[in-house]
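[1] can you look at this prediction? I've put the sequence above it.
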Number of protein chains: 2
Amino acid sequence: MATRLGKQTIALSKSVSIINTATVVGTKESEGPLSPFFDVKMKDAEWGEETWEKTESKMQKEAAKLAIQKSGKTADEIDCAFAGDLLNQCISSGFSARELGIPYYGLYGACSTMIEGLSLGALSIDGGGMNTALAVASSHFCTAERQYRNPLEYGGQRPPTAQWTVTGAAAAVLENGGSGPYVTHVTSGKVVDFGVIDQNNMGGAMAPAAIDTLCAHFSDTGRSPESYDLILTGDLGRIGREIMINMMNSNGYNMNDNYGDSGCMIYDIEKQDVHAGGSGCGCIAVTTCGYIFRQLKEGKLNNVLILGTGALLSPTSSLQGESVPGIAHAIALSNKPGGEG
Amino acid sequence: MATRLGKQTIALSKSVSIINTATVVGTKESEGPLSPFFDVKMKDAEWGEETWEKTESKMQKEAAKLAIQKSGKTADEIDCAFAGDLLNQCISSGFSARELGIPYYGLYGACSTMIEGLSLGALSIDGGGMNTALAVASSHFCTAERQYRNPLEYGGQRPPTAQWTVTGAAAAVLENGGSGPYVTHVTSGKVVDFGVIDQNNMGGAMAPAAIDTLCAHFSDTGRSPESYDLILTGDLGRIGREIMINMMNSNGYNMNDNYGDSGCMIYDIEKQDVHAGGSGCGCIAVTTCGYIFRQLKEGKLNNVLILGTGALLSPTSSLQGESVPGIAHAIALSNKPGGEG
């Protein structure tokens, strides 16, 4: 049986492995620093589809199929898929799941969705009811822009705090047993809202949630930043990352040495004109399934804590005067079953 | 450890009880046949809020608080909330979770969300990582109409196949142990799409998914309709219910005696001008947490199979020519740990 630690963390009892992963990314991501770690690089924003929404759904489906194939499995051998995206009613995931034919639980954790999916997939396997599970998430710059902001043709100006939605989909196959990397701990996040109302400052809005979950994880497990080779947040970007470091420091945790943010890693922020960095469900998804998975497999990293971060707003909630609530879900990955002990 | 049965079903190993529930409904639901089973009956569509979206979020929050209170617990004692709704980016759930301060996994299963939440909550408790969990879902006629269809002021005409979105929120507290009713089995549904493109015929679009999951449940468990006092679907309405009965009959299962649909039960379809019946996340949520929970507690029902049904479309997917995919997730509830026989 899994063990509950403190208020928010679960230590898994079994060795639940990420067997394999796959990633599909857009052109801008293919030109960024993490390019060597991605599987499929689209040549344009459409990938042969008539609409960007259909493209995003295809990205999820192809990432899922490739991850299953790389795991040496068939879709029929996957017990359940946990998937989500940013689009209204999560259509990228629903239509992808229609094609895959795998039992499917739809998730909405905004940009934290991939980590929510890995959490619930790992917990379901640990509980014995599933032997395999698939976690999938996606975002697409063009679908996100027109849904959350303005038609692309409008050419809206973006303030320096704005982030660039990653065009990317990733999938990971989880299984009971295997040779790792293992999901050893899951920390479930609370919704935290510091009253940020600027929709163009998602990093600032989400940082308090990341801090809350990270402090809970340390408090629940007795761990500290030194327990990990890398602590990685999803998409705080340049602004949120700085808040994170400063606030964790004032909470007594030194984050100067081994803390990274996917939103700051996936693009060359200076050269690629992405303002404060990357964002979107795809950001932490392709970074984890591409770069991090490879580093763990090659032993260049051995213990990683990943915090998926999400902003739980909608255009409607903002128009109605609401602030931007954030959430962060964490999973600990280790090459040793049970983790760094 | 939980046991996997067949392709889609999990038999829980522990006695996971629904400790208590709470429901909040609108005026039309208060005038319907299930009225005596609801806790809070709003006097109008606003409940003192400035927008219907804020009302819906308040409904979730108040249902959750009341369910926790009726369970003799405090929010601090709930390990995790699983919640969702129909609104873009699930804002009813996100903003409610902000107020509750409970670790929160956001779900999107369209109108099947309550059953998805009960499934994942029960599995998480069964796995040992949680001792308590909360499942919450909501819908609101006015928020759904303006998001999915037309401004209410427009007074759009509805075809006879259309359903009426339930204004309702419900919450259930799950716990390891307790005196039941117990969640004994979880059957995870696949996305099924028979190509229905009429957004005003959700019952027809969702029925194939309900049939698929129900057949899987019977095949996985060796059970049959006679194993249950009642088999209840979420919101197939008058049209979908008839398809369900006919198709199950042609699959060799007699559904004439003990099959009901929440969408047909929550309103007096003839008198309340709801065309084909009720729909929305709130439909199966308030029926399960109000009526069904009470019947189980009083021993009037002892074994119930509930199939939450969802239509995974969005206005965008329909405008882009997509059909309406359906999904159905099932849970078996029993007054005996482990269920019947």
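    Here it is on my side, so go on.

[2] stretch A:78-89 near chain B anywhere?
    Yes: on the criterion C-beta under 8 Å from any C-beta of the partner chain, stretch A:78-89 is in touch with chain B at A:79-80, A:84, A:86-89. Quick note: C-beta positions are derived from backbone N, CA and C, even for glycine.

[3] chain center to that stretch, what's the gap?
    13 Å (C-alpha atoms, centre = their mean, to the nearest Å).

[4] can you check stretch A:309-329 too?
    On C-alpha atoms, centre = their mean, the centre of stretch A:309-329 falls 17 Å from that of its chain.

[5] re the thing from before, tell me the one of the residues of stretch A:78-89 next to chain B nearest A:Val274?
    A:Leu86 (17.2 Å; C-beta to C-beta).

[6] you'd agree the closest one is up against A:Arg146?
    No: applying C-beta atoms under 8 Å as the test, A:Leu86 and A:Arg146 come out as separate, 11.7 Å apart.

[7] so the two - more neighbours on which side?
    A count of neighbours by other C-beta atoms under 10 Å in any protein chain shown puts A:Leu86 above the other of A:Leu86 and A:Arg146, at 28 against 17.

[8] check contacts around that one.
    Taking C-beta atoms under 8 Å, 6 or more residues apart in numbering or on different chains, we find A:Leu86 in contact with A:110-111, A:139, A:143-144, A:147-148, A:165, A:280-281, B:89.

[9] mind pulling up the pLDDT for it?
    Note on A:Leu86: pLDDT of 98.

[10] pull the number of nearby residues for the residue in the stretch 151-300 of chain A that chain B sits nearest to.
    In the stretch 151-300 of chain A, the residue that lies nearest chain B is A:Ser188 (3.7 Å; C-beta to the nearest C-beta). For A:Ser188, the number of neighbouring residues by other C-beta under 10 Å comes to 28.

[11] check contacts around it.
    A:8-10, A:119, A:329, B:79-80, B:103-105.

[12] which ones among the residues you listed are found in helices?
    A:Ser119 (DSSP state H).

[13] tell me the one of the contacts of A:Ser188 nearest A:Cys289?
    A:Ser119 (14.8 Å).

[14] mind naming the longest strand for chain A?
    strand A:9-25 (DSSP state E).

[15] direction included, what does it pair up with?
    Sheet pairing of strand A:9-25 (DSSP bridges) gives strand A:3-5 (antiparallel), strand A:40-41 (parallel), strand A:168-176 (antiparallel), strand A:182-187 (antiparallel).

[16] next helix or strand past the last one?
    For strand A:182-187, the succeeding helix or strand toward the C-terminus, using DSSP states H and E, is helix A:202-221.

[17] for whichever helix or strand comes after that next one, the distance to its chain's centre please.
    As assigned by DSSP H and E, the chain's next helix or strand after helix A:202-221 is strand A:230-233. Relative to the centre of its chain, strand A:230-233 is centred 11 Å away, using C-alpha atoms, centre = their mean.

[18] repeat that for stretch A:297-309.
    Using C-alpha atoms, centre = their mean, the offset of stretch A:297-309 from its chain centre is 13 Å.

[19] what do you get for stretch A:210-222?
    For stretch A:210-222, the distance to the chain centre is 18 Å (C-alpha atoms, centre = their mean).

[20] kindly report the same for stretch A:32-41.
    That offset, for stretch A:32-41, works out to 16 Å (C-alpha atoms, centre = their mean).
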